[in-house]
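Student: Got a predicted model here, sequence first, then my questions.
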Amino acid sequence: MSRTAAVVAGVLALAAAGTVAVVAARSQTDTDTTDTTEPVATAQVSRRDLVIYDETTATLGFTTSVTVSSPVAGTVTSVIAAGDHVDPGTVVATVDGAPVVAMLGDVPNYRDLSRSSVDGIDVRQLESNLVLLGFDPYGEIVIDEEYDRATAAAVTLWEDSLGLEGDGEVAEGQIVYVPGNLLVAGRCASMTHEGQSAARVSGACFAMGEAAGNAAAMALARGVAVHEIDPAALRAKLAHDGAFLGDAAPR
């Protein structure tokens, strides 16, 4: 072998040895790093319900009354008995022999209504009641502020049901609007200071909201007013859904 070839071979050998050394060093470094990693602490996580409640003694009942009066003058020929429930469609009185019917709403009936009437919120209020009472059997009413053909047709059906000659127009004295079927839940409910101290927390507000929602759904499904639903049935539904009623542990 010539001197030049020997030198080249020696350089290649050193280069190969250096490569092996670098790889070995890197492999050793990776191993050392892995071995020195601190173990990760673990803990078991469980999911539970947080229930906060308090008990208080209270009396639930009607706290407000509504005065119903006819917007037109005349002779009262009949009137509903004191203490009777007033629902949408109830004839609360007759004036000069003509029925005065209660409907739900906050805006008083202050004018005659017909297809020539100017749009207004009182028209929307009337349409909502006509739909609620079932006088829109084909679903033609669009609840808005316009007294249109569908509104007049529903009014005619309603007047016919009262024994009147339906003409599709509403006289000012035919309807008296009263508030009703309003459920109040949460912190806005009226109660004593002791009751408020327990009911103001979120858990109680959730419970009242669930009860109010179920009560409204049951009343709608049965076609009755909210006060006519069976309290036992409401409690059974809430218990079935896992609501906390204060007399058993929540599920």
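Tutor: Nice, I can see it. Computed from a predicted structure; not experimentally measured.
Student: send the alpha carbons of the helix or strand hosting residue 159 over as PDB?
Tutor: Under DSSP states H and E, the secondary-structure element containing residue 159 is helix 149-161. Listed next in PDB are the C-alpha coordinates belonging to helix 149-161 (Å, rounded to 0.1, in the frame of the first residue of the first chain):
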ATOM      1  CA  ARG A 149    -109.300  38.400   6.700                       C
ATOM      2  CA  ALA A 150    -108.100  35.500   8.900                       C
ATOM      3  CA  THR A 151    -108.600  37.600  12.000                       C
ATOM      4  CA  ALA A 152    -112.200  38.400  10.900                       C
ATOM      5  CA  ALA A 153    -112.900  34.800  10.200                       C
ATOM      6  CA  ALA A 154    -111.800  33.700  13.700                       C
ATOM      7  CA  VAL A 155    -113.800  36.500  15.300                       C
ATOM      8  CA  THR A 156    -116.900  35.300  13.400                       C
ATOM      9  CA  LEU A 157    -116.400  31.700  14.800                       C
ATOM     10  CA  TRP A 158    -115.900  33.100  18.300                       C
ATOM     11  CA  GLU A 159    -119.100  35.200  18.100                       C
ATOM     12  CA  ASP A 160    -121.100  32.300  16.700                       C
ATOM     13  CA  SER A 161    -120.000  30.200  19.700                       C
END
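Student: what does the average pLDDT come to for it?
Tutor: Averaging pLDDT along helix 149-161 gives 97.
Student: Now do stretch 123-141, average pLDDT.
Tutor: For stretch 123-141, the mean pLDDT works out to 93.
Student: returning to that earlier point: what sits up against the helix holding residue 159?
Tutor: Among residues not part of helix 149-161, those counted as contacts by C-beta atoms under 8 Å, 6 or more residues apart in numbering are 113-115, 123, 126-127, 130-131, 133, 135-137, 140-142, 165-170. The way it works is simple: take the backbone N, C-alpha and C, and place the C-beta from them, glycine included.
Student: change it to 6 Å
Tutor: Contacting residues not belonging to helix 149-161 are listed as 115, 127, 130, 135, 136, 140, 141, 166, 168, 170 [C-beta atoms under 6 Å, 6 or more residues apart in numbering].
Student: Leaving out chain neighbours, which residue sits closest to the last one?
Tutor: Leaving aside its chain neighbours, residue 170 sits nearest to residue 113 (4.2 Å; criterion: C-beta to C-beta, 6 or more residues apart in numbering).
Student: which other helices and strands contact the next helix-or-strand element following the helix holding residue 159?
Tutor: Counting by DSSP H and E, the element after helix 149-161 in chain order, helix or strand, is strand 175-178. Using 3 or more C-beta pairs under 6 Å, 6 or more residues apart in numbering; DSSP states H and E as the contact definition, the elements that strand 175-178 packs against are strand 98-104.
Student: try 10 Å
Tutor: Under the contact criterion of 3 or more C-beta pairs under 10 Å, 6 or more residues apart in numbering; DSSP states H and E, strand 175-178 touches strand 91-95, strand 98-104, helix 121-132.
Student: Tabulate these (CSV), appending mean neighbour count and distance to residue 226.
Tutor: Below are those laid out as CSV (neighbours: other C-beta atoms under 10 Å; distance: least, C-beta to C-beta, whole Å):
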stretch, mean neighbour count, distance to residue 226
strand 91-95, 17, 19
strand 98-104, 21, 11
helix 121-132, 19, 13
